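**Student:** This is a predicted model, with the sequence first.
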Amino acid sequence: SQQGEEDPQALSIQEGENATMNCSYKTSINNLQWYRQNSGRGLVHLILIRSNEREKHSGRLRVTLDTSKKSSSLLITASRAADTASYFCATVSFQGAQKLVFGQGTRLTINP
Amino acid sequence: DTAVSQTPKYLVTQMGNDKSIKCEQNLGHDTMYWYKQDSKKFLKIMFSYNNKELIINETVPNRFSPKSPDKAHLNLHINSLELGDSAVYFCASSPRGGSGETQYFGPGTRLLVL
């Protein structure tokens, strides 16, 4: 069954603004990862946050994780047109085989 | 230079046909995966192989048969194609298949069944 659910499903902002995307999941996790997918392309890994971490930064990206609420957020600061893409969260649980379980993604459009 | 490559990029075929998609990674990874992305962009794992051994087999119809001739290659053969098989199929790899690893994705194969 689908684990992660992103919110919003689509987001359109002006270049230079910050973009925030949220992800909720259902079961206990080992870690949560965010991926980007440009139109017609494969997924590219952005950042991984472990279950014992609360916040992580990578360049203009900031990810938070709240395991009590089973939710994560991805913040992109000072957005650029090149950030236009779909963003997916994926969880890895403690149980069973190690596999990524993806949400349906947030389609982000940055308007110039 | 391509890390994870897939062929073909596009595949258009008739219902009932049998087709194969090939995947190769030059990253030296032990683990490879097949994912299916449907029209709503929902991405779901199908199979995972570690060093040529099947370790994940989700509830996929047995018309789908993965084959890993060596750890750098993972092919997907689909028998008796159905309309519902139309999707984008992604191959991915990771170093050892561990939980804290990044997965590296190929560009995808867009399958359209008519």
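**Tutor:** Perfect, thanks for sending it.

**Student:** which residues touch residue 30?
**Tutor:** I went with chain A, as the question did not name one. Applying CB atoms under 8 Å, 6 or more residues apart in numbering or on different chains, we find A:Asn30 in contact with A:Arg50, A:Ser51, A:Val92, A:Ser93, A:Phe94, A:Gln98, B:Ser99, B:Gly100. Bear in mind the C-beta positions are built from the backbone N, C-alpha and C, glycine included.

**Student:** Sorry, I should have been clearer: chain B.
**Tutor:** Contacts for B:Asp30 (CB under 8 Å, 6+ apart) come out as B:Asn50, B:Asn51, B:Lys71, B:Pro95, B:Arg96, B:Gly97.

**Student:** Contact residues of chain B facing chain A?
**Tutor:** Contacts of chain B with chain A, taken as CB under 8 Å from any CB of the partner chain, map to B:4, B:33, B:40-45, B:48, B:55-56, B:90, B:92, B:97-100, B:102-108.

**Student:** Helix or strand for the closest residue to A:Thr84 other than its chain neighbours, just tell me which one.
**Tutor:** Nearest non-adjacent residue to A:Thr84, counting by CB to CB, 6 or more residues apart in numbering or on different chains: A:Ile110, 4.9 Å away. Assigned by DSSP states H and E, A:Ile110 belongs to strand A:106-111.

**Student:** Quick one: distance of that strand to the chain centre.
**Tutor:** 13 Å (CA atoms, centre = their mean, to the nearest Å).

**Student:** Put the alpha carbons of that strand into CSV.
**Tutor:** The C-alpha trace of strand A:106-111 is given here as CSV (Å, rounded to 0.1, in the frame of the first residue of the first chain):
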residue,chain,number,x,y,z
THR,A,106,4.2,17.3,-5.6
ARG,A,107,4.4,19.0,-8.9
LEU,A,108,6.3,22.3,-8.4
THR,A,109,6.2,25.1,-11.0
ILE,A,110,8.5,28.1,-10.6
ASN,A,111,7.2,31.1,-12.7
